[in-house]
Every structure is written in C-alpha cells, then in structure tokens.
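>>> Just need the structure, nothing else, for what follows:
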Amino acid sequence: MKSISLWEPWASLWVAQIDKLHETRSWPCWHKGPLAIHAAKVLTYDTAEMCLDPEQPFAAAIKRLGITRLADLPRGAVIGVCDAIISYKTEEAGVRKHNFNQGTPEVSARERQFGDFSAGRFFWKPINMRALPQPIPARGSQGIWNWEPPADVLAWLIEKGVQA
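Reported below is the predicted structural model:
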C-alpha cells in the first residue's frame with residue numbers, strides 16, 4: 001500500500017480532520033487509490049515550541065485531539081488511511097466566505113495557518129480519511145513510499161472497504 005510521511009502534529013491533525021482538512025506540498029499527488037498516512041519519527045525543536053505556545057494555533061488544535069503532552073503524539077507509525085487524494089493548485093483554493101465556489105474545496109483562514117498555501121504549490125484533499133484503531137510502527141520515507149500493513153490491519157482495511 002502506498003504511504004506518505006508527515007511530521008507531527010500535521011499528520012495527526014490531517015487524519016483527525018481537525019483544523020487541517022488538506023495537506024500542502026510543492027508537488028501534486030499523482031497516486032491513484034488508497035494512501036496510508038505515516039507520522040514521522042522526527043519532532044523538531046521549532047515544531048515542539050510551536051505546539052507548546054498558547055499563542056499558536058497548533059496548541060489549541062492538538063488539545064482538540066485530546067493530546068496534552070507532545071510525547072503523546074504518535075511518531076514513527078502509520079496512523080490513518082484515505083481512499084484517494086485529489087490535488088488542486090493553491091491558487092484554486094476557495095476562501096470560506098460564501099458558498100459560491102463550485103468544485104474546488106474551500107479553505108478557511110484558520111486552516112491556512114496549518115499549511116503553506118502560497119502560489120505555485122498544491123493542496124491535497126483526502127477522500128474518506130479515517131484513523132487506524134491504533135498506530136502501527138513503521139519506518140517512513142520521503143515522497144510516496146510502499147508500506148506493507150500487518151495481516152490484522154489489512155483485514156481491518158478490507159472490512160472498511162479500502163482496496164489495500
């Protein structure tokens with residue numbers, strides 16, 4: 001199964017669809033089909049500082065995840081899966097003021113704080129994102145990479161309708 005690694009807390013927020021409904025990248029997602037979401041093992045000092053600063057949006061967002069300590073963020077594990085990704089140019093992102101924007105996802109001002117929506121980039125909209133029952137330890141990689149889910153996780157994915 002194809003997978004992508006994200007640093008925390010971006011991975012958990014995206015899987016939970018809390019404040020972060022889209023992932024931003026410098027490249028479009030060409031992969032068609034299910035995509036596993038991996039929380040990278042690394043937690044940088046800057047990221048940790050940002051998550052602990054009550055003035056930053058990340059502090060409130062991870063609290064909504066039920067996480068009170070950075071050590072509780074899953075790292076080095078696959079934490080979710082979606083059925084597919086649709087890529088859009090960031091210039092196409094609608095701003096949530098009115099519902100006149102047909103076909104392209106709206107991106108709220110709050111969500112823009114959780115990604116780089118600058119010109120020339122892409123944002124990825126997941127289809128049917130869901131969290132795994134528990135994080136599955138895995139070594140991540142850059143870009144889209146292959147992940148072999150354990151048999152019990154594969155059975156759960158199939159039960160949920162994922163074509164792993």
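>>> all helices of this protein, in order?
In the chain, the segments counted as helices under DSSP state H are 10-16, 45-52, 57-64, 151-159.
>>> Which strand runs longest in this protein?
Taking DSSP state E as the criterion, the chain has its longest strand at strand 130-137.
>>> So for it, what gets flagged as buried?
Buried residues in strand 130-137, defined by neighbour count with 16 or more other C-beta atoms under 10 Å: 130, 132, 135, 136. Where you see a C-beta, it was placed from the backbone N, CA and C, and this is true even at glycine.
>>> In contact with the first one, which residues are there?
Contact criterion C-beta atoms under 8 Å, 6 or more residues apart in numbering gives 15, 80, 81, 82, 160 as the residues in contact with residue 130.
>>> Which one of the buried residues of strand 130-137 is nearest to residue 55?
Nearest to residue 55, judged by C-beta to C-beta, of the buried residues of strand 130-137 is residue 135 at 29.0 Å.
>>> doesn't residue 41 make contact with that closest one?
No - with contact defined as C-beta atoms under 8 Å, residue 135 does not reach residue 41; the gap is 11.5 Å.
>>> All good on my end, thank you.
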